[in-house]
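**Q** Build me a model:
(one chain, ligands or ions: 1)
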Amino acid sequence: MIIRNLDLQPHQTMACASQAEAAARVRSLAELREALAWAAVQGCPVRVLGEGSNVLAAERVDGLTLINEMVGLQVVRQSDTTVTVDVGSGINWHWWVRFSSAQGWHGLENLALIPGTVGAAPVQNIGAYGVEVEAFVEQVEALNLRSGEQRIFRHKDCAFSYRDSVFKGAERELWLITRVRFCLPFHFSPVLTYGPLQSLQNPTPRGLIDQVCQVRQQKLPNPWQMPNAGSFFTNPVVDQAQADALQKAFPGIPVFPAGQGRCKLAAGWLIDQAGWKGQSDPESGVGTWPQQALVIVNPQKRPRSDVLAFAERIQEAVEDRYEVRLEREPRLFG
Ligand SMILES: Cc1cc2nc3c(=O)[nH]c(=O)nc-3n(C[C@H](O)[C@H](O)[C@H](O)COP(=O)(O)OP(=O)(O)OC[C@H]3O[C@@H](n4cnc5c(N)ncnc54)[C@H](O)[C@@H]3O)c2cc1C
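**A** You can find the predicted model right below:
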């Protein structure tokens, strides 16, 4: 069950050259506990990998890498207006979006085609086109990788915010999320505030999913054909005074309210205007995607160090021009 020296390149969409010292595929709680017992005897670190669409893997990942393949789906209860469903964390996210919508359980349609597993979705509170997953997460069931304790994190315990949760913060790398409980309405009320969705008139749930997929396919490279990890930087959040100063210095800069006197800037715009859209490093081939400056691609499947070196050049260019530091979205793995 323990695999030594597993090649991790096919296990992450950025396809960085990488090898796990030890790895185990876990399909059940029993397999998970068995793998953790092995790691405890070795005294080695344990890490969790889903579909690897939001990680940058080291060339050598020490300790045990758990590849999460826990499936299963159970309706917990239904009311007149909502259904509550427990979903195995190893299930593919896009499959779950299509399945739930086809059952007449709505809300997730805007999140179609986001790569990855159900279990990783709460970790960074995935979001797209005006919807964040937290709106539909009732609770998260997780197992402590060190103590083996099983715990329910209610919505309020998850500390969800923009691309963030307790699983990226205070409880980072401590838990494997085993199941996510969703509460989904039967009534379909589409969120069409985002530009390319505004043209839709009374879409069906399937029509909305199809439109989201089409928009995504036009803007984003298919990660299995052109290695990438989606948006490489989060949109920076600054205070109102800094936003005002930036608007004065750079008329046309997009600024969005982010609540509590804070403002969100568009990282893609900053990169584009700093002249980095479609640029690549001639040696490593690492570059930004011509249709979306926020996406860094790694066509030659180079090691993580090359990707980080290129990203650092963008961070410096943006900081020099706007005095705003871009934060990386994908997590360092190992
Ligand atoms: C082309 C592309 C487009 C994308 N678009 C979006 C988008 O629109 N919106 C968005 O929010 N994200 C987007 N992403 C990022 C990514 O799809 C999400 O973050 C996704 O949830 C990652 O899932 P994963 O299973 O691949 O996680 P992984 O990349 O395997 O892991 C990500 C992190 O979560 C941890 N983790 C994974 N599973 C678990 C678990 N079960 N329990 C505890 N920790 C876990 C890992 O340890 C790691 O730290 C995109 C990525 C790509 C490649």
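
**Q** In space, what's closest to Q103 - neighbours in sequence excluded?
**A** Of all residues not flanking Q103 in the chain, V83 sits nearest, at 7.8 Å (CB to CB, 6 or more residues apart in numbering). (Glycine included, C-beta is placed from N, CA and C.)

**Q** partner strands of the helix or strand the one you found falls within, parallel or antiparallel?
**A** For V83, the element it lies in under DSSP states H and E is strand 82-88. Neighbouring strands of strand 82-88 in its sheet, by DSSP bridges, are strand 73-78 (antiparallel), strand 175-185 (antiparallel).

**Q** so for whichever helix or strand comes after the longest one, what's the average pLDDT?
**A** With elements assigned by DSSP H and E, the helix or strand that comes after strand 175-185 is helix 205-219. Per-region confidence: helix 205-219 scores 96 on mean pLDDT.

**Q** buried residues in helix 205-219?
**A** 205, 208-209, 211-212, 215-216 (16 or more other CB atoms under 10 Å).

**Q** now what about the next helix or strand after it, what contacts it?
**A** Next helix or strand after helix 205-219 toward the C-terminus (DSSP H and E): strand 228-231. With CB atoms under 8 Å, 6 or more residues apart in numbering as the contact definition, strand 228-231 has outside contacts at 12-14, 53-56, 114-115, 220-221, 223, 267-268, 289, 294-298, 329-330.

**Q** How about stretch 235-251?
**A** 162, 253, 255, 258, 261-267, 270, 273, 322-327.

**Q** Derive a ChimeraX selection command for the buried subset of these.
**A** Buried subset of the contacts of stretch 235-251, written as a ChimeraX selection, criterion 16+ other CB under 10 Å:
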select :253,255,258,263,264,265,266,267,270,273,322,324,326
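
**Q** close enough to count as contact, the residue nearest to Q103 and L184?
**A** Yes: using CB atoms under 8 Å, V83 makes contact with L184 at a distance of 5.6 Å.

**Q** Pull up the pairing partners for the one helix or strand in the chain whose mean pLDDT sits lowest, direction included.
**A** Least confident helix or strand of the chain, by mean pLDDT, DSSP states H and E, is strand 255-259 with a mean of 91. If you go by DSSP bridges, strand 255-259 pairs up with strand 262-265 (antiparallel).

**Q** What mean pLDDT does the partner strand get?
**A** 96.

**Q** okay, and for the stretch 201-334 of the chain, where does confidence drop off?
**A** Within the stretch 201-334 of the chain, not a single segment meets pLDDT under 70.

**Q** Can you pull the residues of it lying near the ligand?
**A** Listed as neighbours of the ligand in the stretch 201-334 of the chain under the rule CB under 6 Å from any ligand atom: 220, 223, 228-230, 331.

**Q** Put together TSV for the residues you listed, with neighbour count on each row.
**A** Formatted as TSV, those follow (neighbours: other CB atoms under 10 Å):
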residue	neighbour count
L220	19
P223	21
N228	26
A229	26
G230	23
R331	17
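
**Q** Out of the residues you listed, which comes closest to S101?
**A** Minimum distance to S101 across these is 20.7 Å, recorded for L220 (CB to CB).

**Q** which ones are touching the closest one?
**A** 228, 230, 289, 291-292, 295.

**Q** Could you identify the most distant pair in the residues you listed?
**A** Maximum distance among the contacts of L220 (CB to CB): 13.3 Å, for G230 and Q291.

**Q** how many other residues sit next to the closest residue to S89 other than its chain neighbours?
**A** Excluding its sequence neighbours, the residue lying closest to S89 (CB to CB, 6+ apart) is G119, at 2.6 Å. By the criterion of other CB atoms under 10 Å, G119 has 28 neighbours.

**Q** can you confirm G119 is in a strand?
**A** No: counting by DSSP: H, G, I helix; E, B strand; the rest coil, one finds G119 to be coil, located in no strand.

**Q** who in the stretch 1-150 of the chain is up against the ligand?
**A** 13, 47-55, 68, 89, 114-117, 119-121, 123-124, 126-128.

**Q** Could you pull out the buried residues of stretch 230-245?
**A** Quick answer for stretch 230-245 (16+ other CB under 10 Å): 230-238, 242-243.

**Q** Please read the previous query as pertaining to stretch 307-323.
**A** So for stretch 307-323, counting by 16+ other CB under 10 Å, buried means 307-308, 310-311, 314-315, 317-318, 322.
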